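[1] here's my sequence, what's the structure:
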Amino acid sequence: MRGRAVIATILLIPLVGCSATTKQTEPTPTTAPAAEGNLCERVQSKLAGTWTIGTPEPRLYAPLSDACLLTDTAQKAHQIQIALSATPVTDAQSAALRQSDAASVAGLYAAKVIDGGVGTGSWALNPAAAAPWLVVRSGGRLIRLRVVNDGAGTLDELRSIARTITELPGELPSAPAMVTRPECSRGTAAAERMLGSRTVLRRDALVDGHLTCRWGTATRSAAVRPSSVLDFNQIKDGASAGWARRVNVGAEGWQQSNGILLFRTKNGAYLEVTGTPGSVLRTASVLALAQAIAPAYR
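    Now for the predicted structure:
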């Protein structure tokens, strides 16, 4: 059969003659491979050594972000947290977030926020007495890398990991804007008043029976999250020094002069109500959020 097909083709050529035109096939456009897995999973195999992937202690970022944790199997204290913002930010918003980071560490460390050295708009902090962190921007989204334990990682290491991430094929992993739980809805209106605008991001979660509610805009975030009796008592003791006061929320509540509030429920759970940047922590609006959400924690 193959032989006949070839002969037939040869016989047809003289009949077609030179007037025939050859149809050009348009090349099929190629697209970058779809991103799969979180950033830790995507970068794991490209790092020196052997790393495991886990869930880090939650931190509150603006914009709200999804985080993962890399742990060096050869040195368990050697851990890197990677957080990817749930939404892109503009140049102006990125600059404002950098200023907020700079303000948040002013007076805490001798070191200041510096250029990150990984692309335009990156910034970093590399204090001698604390673990370094780095923020880079890729596809408009912020990637925050942080050494978890003091002395167990360097800024240069964070830069190397960041470069590896920005060079990965495909787009960054997609993220839903809203991850909600119905228990948190009673706090939404108060959270929006605290943030000064309608929230466009949510990250609510129920882990081991502990409820966390998070609301956010591109540059501001608010959260109600589990705390500890140690932190609660520390703020309570601050009342005698004049930097905390008793407030009417839950079974017992105390609020710092900077706005952060902790309260105890009737069932003995401890909750923190906070936000970022510090400019959103107006004492009245934070208290209003605590009072609105408290019934969800009975």
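
[2] can you give me the strands for the stretch 101-250 of the chain?
    Ranges of strands within the stretch 101-250 of the chain are 114-115, 123-125, 133-138, 141-147, 178-179, 201-203, 205-207, 210-216, 221-226, 244-247, based on DSSP state E, counting those that start in this stretch.

[3] Throw those into JSON lines and include mean neighbour count, thanks.
    For every residue, glycine as well, the C-beta is placed using N, CA and C. Compiled in JSON lines, the strands of the stretch 101-250 of the chain are given as follows (neighbours: other CB atoms under 10 Å):
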{"stretch": "strand 114-115", "mean neighbour count": "12"}
{"stretch": "strand 123-125", "mean neighbour count": "22"}
{"stretch": "strand 133-138", "mean neighbour count": "24"}
{"stretch": "strand 141-147", "mean neighbour count": "22"}
{"stretch": "strand 178-179", "mean neighbour count": "13"}
{"stretch": "strand 201-203", "mean neighbour count": "23"}
{"stretch": "strand 205-207", "mean neighbour count": "12"}
{"stretch": "strand 210-216", "mean neighbour count": "23"}
{"stretch": "strand 221-226", "mean neighbour count": "23"}
{"stretch": "strand 244-247", "mean neighbour count": "16"}
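
[4] export the ones you listed to JSON lines and append columns for mean pLDDT and distance to Ala191.
    Below are the strands of the stretch 101-250 of the chain laid out as JSON lines (pLDDT from 0 to 100; distance: least, CB to CB, whole Å):
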{"stretch": "strand 114-115", "mean pLDDT": "96", "distance to Ala191": "33"}
{"stretch": "strand 123-125", "mean pLDDT": "97", "distance to Ala191": "27"}
{"stretch": "strand 133-138", "mean pLDDT": "97", "distance to Ala191": "24"}
{"stretch": "strand 141-147", "mean pLDDT": "98", "distance to Ala191": "21"}
{"stretch": "strand 178-179", "mean pLDDT": "97", "distance to Ala191": "13"}
{"stretch": "strand 201-203", "mean pLDDT": "98", "distance to Ala191": "9"}
{"stretch": "strand 205-207", "mean pLDDT": "94", "distance to Ala191": "15"}
{"stretch": "strand 210-216", "mean pLDDT": "97", "distance to Ala191": "4"}
{"stretch": "strand 221-226", "mean pLDDT": "98", "distance to Ala191": "5"}
{"stretch": "strand 244-247", "mean pLDDT": "98", "distance to Ala191": "17"}
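
[5] Serialize the ones you listed to CSV and add fields for distance to Glu272.
    CSV is the format used below for the strands of the stretch 101-250 of the chain (distance: least, CB to CB, whole Å):
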stretch, distance to Glu272
strand 114-115, 30
strand 123-125, 23
strand 133-138, 21
strand 141-147, 20
strand 178-179, 20
strand 201-203, 15
strand 205-207, 15
strand 210-216, 10
strand 221-226, 6
strand 244-247, 13
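
[6] which residues touch Gly275?
    60, 194-195, 220-223, 259, 281, 286 (CB atoms under 8 Å, 6 or more residues apart in numbering).

[7] in CSV, list these along with distance to Gln81.
    Formatted as CSV, the contacts of Gly275 follow (distance: CB to CB, whole Å):
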residue, distance to Gln81
Leu60, 13
Met194, 26
Leu195, 24
Arg220, 21
Ser221, 17
Ala222, 21
Ala223, 17
Gly259, 25
Leu281, 23
Val286, 26
